[in-house]
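Novice: Fold the following and give me the result.
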Amino acid sequence: MALAQKILAGIGLGARAPPSGWVFDKRITVTCTVSIPANTPSNASNNITFVIDPKVGGVTQFTIPKNYRYVLVDAYIKSSGDVQADGIAKLKRNFYEDHVITPPLSTMLVSNPSRPMIAGKAWEEGDSLSGEFINTVAVGAEAKTNTFYLVFDIYKKV
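Specialist: Here you go, the predicted model:
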């Protein structure tokens, strides 16, 4: 293991350090939305829609392409208006593993210096990224939509 990888692993950033044979390709921001129907009780589950490529549009699952690795480096909301019904997001790897569970979305305002940081989890080539949103409050007579953002560093196999 390269010295830099050992140092990163030692401070808890091991998943952010690319394994040998991988190089940084680019950073992307994924727009995530969840629609919560009217009259939804608390603790209900709804699928997250991911916009990874605006030309493709929203998808509820995405398979990491061969020879690529996606590493989550941040998650945030842009404004308090992004969260119409508070709750947590569960980002899944291969449809069943709760790979990342966010704190309540309302606490993830990008301008808040003390917001919880979510980073370091990786999805490897062939893994599937999907997610569900669990609302922690009941939704009244009007449907709600939440929007949040995930930032991934993408690494390419050399």
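Novice: mind listing the strands in this structure by residue range?
Specialist: With strands called from DSSP state E, the chain shows them at 22-36, 45-47, 49-51, 61-63, 68-76, 87-93, 97-101, 122-123, 128-135, 144-157.
Novice: Check which helices and strands the third one is in contact with.
Specialist: Okay, so that is strand 49-51. strand 22-36 (3 or more CB pairs under 8 Å, 6 or more residues apart in numbering; DSSP states H and E). For the C-beta atoms, the positions are set from N, CA and C on the backbone; glycine is no exception.
Novice: quick one: residue 80 from residue 131, how far?
Specialist: In this structure, residue 80 and residue 131 are 21 Å apart, going by CB to CB, to the nearest Å.
Novice: now residue 119
Specialist: The spacing between residue 119 and residue 131, counted by CB to CB, is 16 Å.
Novice: Could you do residue 61 as well?
Specialist: Using CB to CB, we find residue 61 at a distance of 9 Å from residue 131.
Novice: just residue 137 next, same as before
Specialist: Between residue 137 and residue 131 the computed distance is 19 Å (CB to CB).
Novice: quick one: which of these two has more around it?
Specialist: Taking neighbours as other CB atoms under 10 Å, residue 137 and residue 131 compare with residue 131 leading, 23 against 17.
Novice: my read: the more buried one touches residue 90, true?
Specialist: Yes: under the criterion of CB atoms under 8 Å, residue 131 is in contact with residue 90, at a separation of 6.0 Å.
Novice: what residue ranges in this protein are flagged as low confidence?
Specialist: Counting by pLDDT under 70, the chain contains low-confidence residues at 1-18.
Novice: ok, now with 50
Specialist: Applying pLDDT under 50 to the chain flags residues 1-14.
Novice: rewinding a little: would you reformat the strands of the chain as a markdown table and include distance to residue 107?
Specialist: Formatted as a markdown table, the entries for these read as follows, by distance: least, CB to CB, whole Å:
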| stretch | distance to residue 107 |
| --- | --- |
| strand 22-36 | 16 |
| strand 45-47 | 19 |
| strand 49-51 | 21 |
| strand 61-63 | 25 |
| strand 68-76 | 10 |
| strand 87-93 | 10 |
| strand 97-101 | 13 |
| strand 122-123 | 24 |
| strand 128-135 | 15 |
| strand 144-157 | 11 |
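Novice: Out of those strands, flag the one nearest residue 114.
Specialist: Go through the strands of the chain one by one with CB to CB and the one that ends up closest to residue 114 is strand 68-76, at 12.8 Å.
Novice: tell me what that closest one is packed against?
Specialist: The criterion is 3+ CB pairs under 8 Å, 6+ apart, and the helices and strands that strand 68-76 contacts are strand 22-36, strand 122-123, strand 144-157.
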